[in-house]
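This is the structure alone, sequence omitted:
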Ligand SMILES: Nc1ncnc2c1ncn2[C@@H]1O[C@H](COP(=O)(O)OP(=O)(O)OP(=O)(O)O)[C@@H](O)[C@H]1O
Ligand SMILES: [Mg+2]
């Protein structure tokens, strides 16, 4: 499907909803997929067992750990593009090099963007616990925002999930089911 408007023309057949932890990727992605009737998947659920074991042990993943995982997410993306089945997948995709593994004609990155104050404050409110400041800070430090040459839209994380999903659908010119 083709979106026209302030974005120019973006060919959006698979959306990769990206951003730092707690930005609302899962919430926005599930809402958009539901509206469009598109497949939905959580990139976090695609980690190889070795990564799951590491994360359970509290060991931070290295980029070397991430490549095989990103290949699995990329496989999901390519399968959907290849079969003409539109889909929405979450993946933090903080670095451009990670996005390079997922990038293909028909892929649009949807960056859910919020400040440390917004995301940290929301997490504290929701769970009664502050997200470790170090995690959020390190995620924001790692984040390389999509450049003008990358097929993407940026959605501000400071509204309701419904409003954010509306913006995605509208800016990409997608047809609600
Ligand atoms: N637009 C929003 N307004 C208010 N609360 C929100 C919004 N979006 C998400 N939330 C809440 O913020 C928390 C984090 O959202 P979510 O799990 O979707 O983020 P995430 O980016 O997928 O995080 P993770 O990287 O940890 O998977 C959840 O408690 C969710 O209900
Ligand atoms: Mg999530």
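Looks like it came in fine. This one's a predicted model, so the numbers in the text were calculated from it and none came from an experiment. Ligands and ions are numbered 1, 2, ... in the order given.

quick one, helices of this protein?
25-36, 49-56, 63-83, 96-102, 116-127, 133-142, 161-171 (DSSP state H).

Among those, show me which one is buried the most.
Each of those was assessed for mean neighbour count using mean count of other C-beta atoms under 10 Å. The highest is helix 25-36, with a mean of 21. All C-beta spots, glycine's among them, are computed from the backbone N, C-alpha and C.

before we move on, back to that, can you flag the weakest of the helices of the chain by average pLDDT?
Least confident of those, judged by mean pLDDT, is helix 116-127 with a mean of 85.

which other helices and strands contact it?
When contacts are defined as 3 or more C-beta pairs under 8 Å, 6 or more residues apart in numbering; DSSP states H and E, helix 116-127 packs onto helix 133-142.

can you list contacts of the helix it packs on?
20, 21, 22, 92, 94, 95, 116, 119, 120, 123 (C-beta atoms under 8 Å, 6 or more residues apart in numbering).

Excluding covalently adjacent residues, which one is nearest to residue 65?
Counting by C-beta to C-beta, 6 or more residues apart in numbering, residue 51 is the residue found nearest to residue 65 once chain neighbours are left out, at 5.4 Å.

and the gap between residue 119 and residue 29?
16 Å (C-beta to C-beta, to the nearest Å).

What residue in the protein comes nearest to ligand 2?
Closest contact between the chain and ligand 2, by C-beta to the ion, is at residue 26 (3.2 Å).

does that residue really touch residue 90, like I thought?
Yes: using C-beta atoms under 8 Å, residue 26 is in contact with residue 90, at 5.5 Å.

Overlap in contacts, those two.
Overlap of the contact sets of residue 26 and residue 90 (by C-beta under 8 Å, 6+ apart) consists of 17, 42.

partner residues bridging the nearest residue to residue 30 once chain neighbours are set aside?
By the measure of C-beta to C-beta, 6+ apart, the closest residue to residue 30 outside its immediate chain neighbours is residue 40, 5.8 Å from it. Bridge pairing for residue 40 (DSSP bridges) gives the partners residue 88.

Could you number the chain from 518 rather than 1 from now on?
Noted, 518 is the first residue going forward, which turns the last one into residue 557.
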